[in-house]
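Enquirer: My questions are about this predicted structure, shown below with the sequence.
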Amino acid sequence: MDTRFLDSFVTVVEEGSIAAAARRLNLTPAALAQRIRALEEELGARLLLRAGRAVAPSEAGLAILDRSRALLREVRDLRDSATGEGLAGELRLGAIATGLTGLLPGLLARMAARYPGMEAHISPGISAELYRRVLVGELDAALIVQPDFSPPKSCAWHLLREEPLVLLAPEAMAGAEPHGLLATQPFIRYDRDQWGGRIADRYLREARIRPRERYELDALDAIAVMVDRGLGVALVPDWAPPWPAGLKLARIALPRPCPPRRIGVLWQRSSARARLVRAFLEA
C-alpha cells in the first residue's frame, strides 16, 4: 500500500472537500480523486461519501481513520529515525487549561522556529487524566501539575514553573488578614479532585481553618471572575497569565509556608518519540 494514498484520504476527511485537500497537497483534484479510488479498490470498501462538493467519511472510512493517522505518524517517525537529519514528526501533547493559555503558546512558538518539521497535536485535560494517558502511551508527553506521589521510574519529569498559593479576594479587601478572610468570608473552593486543589485543601486543614464554603469548581478563570463579582474568596495557585481581563482582585500572600503548585512535563523515557519530547523541552 502506498502510504501517500492514506495521507490523501486523511487530508480529504480533515478538509471536508476534494478541492481543499488537493490545494493542501499540491495536487490536482483529479489526481487526488484517483488516489482515493485506488485506495478504495485496494481495501475493498467505499471510504468517502459525497454530497455536492462536500465529502465525509463513510462507515468504513471512520473505521480506519484513527489507525490511518497513527500509521502515518509511525511512517514519519520511521523516516526521521532512518535519515537522522533534523527533527520531524508529530508530538502528541496533553496540557492542563492554564498551561494551554499561559505556557504552551510560547513553547510551541519556539519549537516551530527551531524545528519547523515538528508538529504537535494538543489534547486538553486535567492532570490525573493526562498522566494516565502518558502511562498507557496515548500521549507522548503532558504539561501537568506534579503529582503528590512518585511516578514510575519509566517516566521522566521536567519542571517548568512553580506557582505559590495565594488568597484571591476582591480588591477592596487587599489589606485584610488572610486567615481572617478565609474564616469569615464565603469560600470558593478549588476542586479537591484536582491535584492543585489538594494543595489548597491541605493548607486549610493544617491551618485549622473551616471556611464557609459556597462553591467548588475546577476552572481557575471562573473562580477569579466569581471573586471579582463579590461571591467570596478563594485559595488558588498564582497561575501563569493571561488572567481574565478587567478583574479587580487582590492576590494576598499567605502567612504559613506552603508547597507551590509545580507545573512541568511528564513523558515515557522509552517512548518512540522521546527524541521529539527532548527537542520540545530544549526549545
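Expert: Sure thing, it's come through.

Enquirer: okay, CA-based contacts and neighbour counts for the rest of this
Expert: OK.

Enquirer: burial of Leu167, as a residue count?
Expert: By the criterion of other C-alpha atoms under 10 Å, Leu167 has 22 neighbours.

Enquirer: Let me see the contact set for it.
Expert: Going by C-alpha atoms under 8 Å, 6 or more residues apart in numbering, Leu167 touches Pro178, Val233, Ala234, Leu235, Val236, Ala250, Arg251, Ile252, Ala253, Leu254.

Enquirer: tell me the SS of it?
Expert: Three-state call for Leu167 (DSSP: H, G, I helix; E, B strand; the rest coil): strand.

Enquirer: pull the helix or strand with minimum mean pLDDT from the protein.
Expert: Ranked by mean pLDDT, DSSP states H and E, the helix or strand of the chain with the weakest confidence is helix 59-83, at a mean of 80.

Enquirer: So what touches that one?
Expert: 3, 6-7, 10, 45-48, 86-90, 272-273.

Enquirer: list the contacts for the residue positioned nearest the centre of the chain?
Expert: Per C-alpha atoms, centre = their mean, the C-alpha nearest to the average position across the chain is that of Ala95, at 2.2 Å. By C-alpha under 8 Å, 6+ apart, the residues touching Ala95 are Leu104, Ile122, Ser123, Pro124, Gly125, Ile126, Ser127, Leu130, Ala142, Leu143, Ile144.

Enquirer: tell me the contacts of the second one?
Expert: Looking back up the chat, that one is Ile122. Counting by C-alpha under 8 Å, 6+ apart, the residues that Ile122 touches are Arg92, Leu93, Gly94, Ala95.

Enquirer: before we move on, what about the third one?
Expert: By C-alpha under 8 Å, 6+ apart, Ser123 lies in contact with Arg92, Leu93, Gly94, Ala95.

Enquirer: In PyMOL, how would I select just the buried ones from the residues you listed?
Expert: To isolate the buried ones among those in PyMOL, judged by 16 or more other C-alpha atoms under 10 Å, type:
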select buried, resi 92+93+94+95
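
Enquirer: Using pLDDT, spot the least trustworthy of the contacts of Ser123.
Expert: Here the lowest pLDDT out of these sits on Arg92, with 87.

Enquirer: quick one: strands adjacent to the stretch of helix or strand that residue belongs to?
Expert: Secondary structure from DSSP states H and E places Arg92 in strand 89-95. Its sheet considered, strand 89-95 pairs with strand 118-124 (parallel), strand 141-145 (parallel) by DSSP bridges.

Enquirer: In a markdown table, list those along with distance to Pro259 and mean pLDDT.
Expert: Output for the strands paired with strand 89-95, formatted as a markdown table (distance: least, C-alpha to C-alpha, whole Å; pLDDT from 0 to 100):
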| stretch | distance to Pro259 | mean pLDDT |
| --- | --- | --- |
| strand 118-124 | 25 | 86 |
| strand 141-145 | 13 | 96 |
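
Enquirer: What segments of this structure are strands?
Expert: Remark: strands assigned in the chain by DSSP state E are 48-51, 54-57, 89-95, 118-124, 141-145, 155-163, 165-170, 186-190, 212-217, 233-237, 249-253, 261-268.

Enquirer: Out of these, which one sits most buried?
Expert: Compared across these, strand 141-145 shows the largest average neighbour count, a mean of 29 (mean count of other C-alpha atoms under 10 Å).

Enquirer: Taking strand 261-268 as reference, get the angle to that strand.
Expert: 160 degrees (axes from the mean of the first three to the mean of the last three C-alpha atoms, to 10 degrees).

Enquirer: pull the CA atoms of strand 141-145 into PDB?
Expert: Extracted in PDB, the C-alpha atoms of strand 141-145 (Å, rounded to 0.1, in the frame of the first residue of the first chain):
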ATOM      1  CA  ALA A 141       4.100  13.900  26.900                       C
ATOM      2  CA  ALA A 142       1.800  16.100  29.100                       C
ATOM      3  CA  LEU A 143       2.100  19.500  30.600                       C
ATOM      4  CA  ILE A 144       0.500  18.800  34.100                       C
ATOM      5  CA  VAL A 145       0.600  19.600  37.800                       C
END
